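Participant: Sequence first, predicted coordinates after that:
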Amino acid sequence: MELKTKIKAEEGKQDLVITREFDLPLELLFKAFTEPEIIEQWMGTKVLKLESKKHGSWQFETSDAKGNVVFKANGTIHEFIPNQKITRTFEMENAPFGVQLELHEFEKLTDDTSKLTIHSIYESGMLRDQMLKLPFTRGINMAHNRLQDIATKLR
Amino acid sequence: MNLRRDVFQAIADPTRRAILLLVAAQAMTAGAIASHFDTARPTVSKHLQILTECELLKQEQSGREIHYHINAKKMKEVAEFIEPFRKMWDDRFNLLETVMKNYKNK
């Protein structure tokens, strides 16, 4: 099955662009990035803090089944324009990947569909590649199964 | 044996992913790795064994100690390298879509 998510990561560059079209109205797509309890469901992480506003900050944390913290990340929000744009920094704690600048752009396609573009800029091309090689680091999302569980429950 | 699939099974476990992250930052002894987890030492050893068997980690003797290193070559193979990253986001976004459709219908 073809994936709906596209990623553009050119060789030698220090950024990448993720794009995805959703079968959701723009407002619902945007809400999925601003409501902590919703983020927890699809990111599979715990939202310790999320201030969705300019100069706000955020903190996520993920634990394994035994309660060991296996992932921690934080950042600040530089721009917040409802239903349009979120610019934030992303830094994974206790990891050698530095900080990234992430520009999330939300667009309306039709009344029922919308598009998200995430432009991530890394400190260097080398750090970008290292992070891509450890794909699971971006959120160390809980095992796949857990996501499947949630999706099934919701169906 | 399908090695590639084994590699993905190896990284499906959150503790093993956490170990890879730790070791990616710097080579470490088994004891130093275990000290980062509340999990029993033999459990951590088992994880190290699995990661070493599928060549994600390499052991290197340094004096009397054995240090675990990330096997960059293998990690590259895992990645090949953007696909797993893309798959992860795609799964996540599919879930987002499901969660929000459900939210809308509430």
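Facilitator: Good, I have the coordinates. Residues are numbered from 1 along each chain as shown, chains lettered A, B, ... in the order given.
Participant: how near is the residue nearest to the spatial centre of chain B to chain A?
Facilitator: The centroid of chain B falls nearest to residue B:17 when counting by CA atoms, centre = their mean (2.9 Å). As judged by CB to the nearest CB, to the nearest Å, residue B:17 and chain A stand 5 Å apart. For every residue, glycine as well, the C-beta is placed using N, CA and C.
Participant: so is that residue in a helix, a strand, or just coil?
Facilitator: Classification of residue B:17 by DSSP: H, G, I helix; E, B strand; the rest coil places it in helix.
Participant: How confident is the prediction for it, by pLDDT?
Facilitator: At residue B:17, the pLDDT value in this model is 81.
Participant: Assign a three-state SS to the closest residue in space to residue A:122 that isn't next to it in sequence, would you?
Facilitator: Spatially, and ignoring its direct neighbours in sequence, residue A:122 is nearest to residue A:128 (4.0 Å; CB to CB, 6 or more residues apart in numbering or on different chains). Secondary structure, three-state DSSP: residue A:128 is helix.
Participant: Could you say which helix or strand holds residue 60?
Facilitator: No chain in the question, so chain A it is. Here residue A:60 sits within strand A:57-63, counting by DSSP states H and E.
Participant: wrong chain, I was asking about chain B
Facilitator: Using DSSP H and E, the element containing residue B:60 is strand B:57-62.
Participant: So what are the sheet partners of that strand and their directions?
Facilitator: Paired neighbours of strand B:57-62 in the sheet (DSSP bridges): strand B:65-70 (antiparallel).
Participant: For the strand it pairs with, buried residues please.
Facilitator: Neighbour counts over strand B:65-70 (16 or more other CB atoms under 10 Å in any protein chain shown) mark B:67-68, B:70 as buried.
Participant: Let me know the closest of those residues to chain A.
Facilitator: Chain A has its nearest neighbour among these in residue B:70, at 9.0 Å by CB to the nearest CB.
Participant: Quick one: residues contacting that closest one.
Facilitator: B:20, B:23-24, B:56-58 (CB atoms under 8 Å, 6 or more residues apart in numbering or on different chains).
Participant: With that, I have no additional questions.
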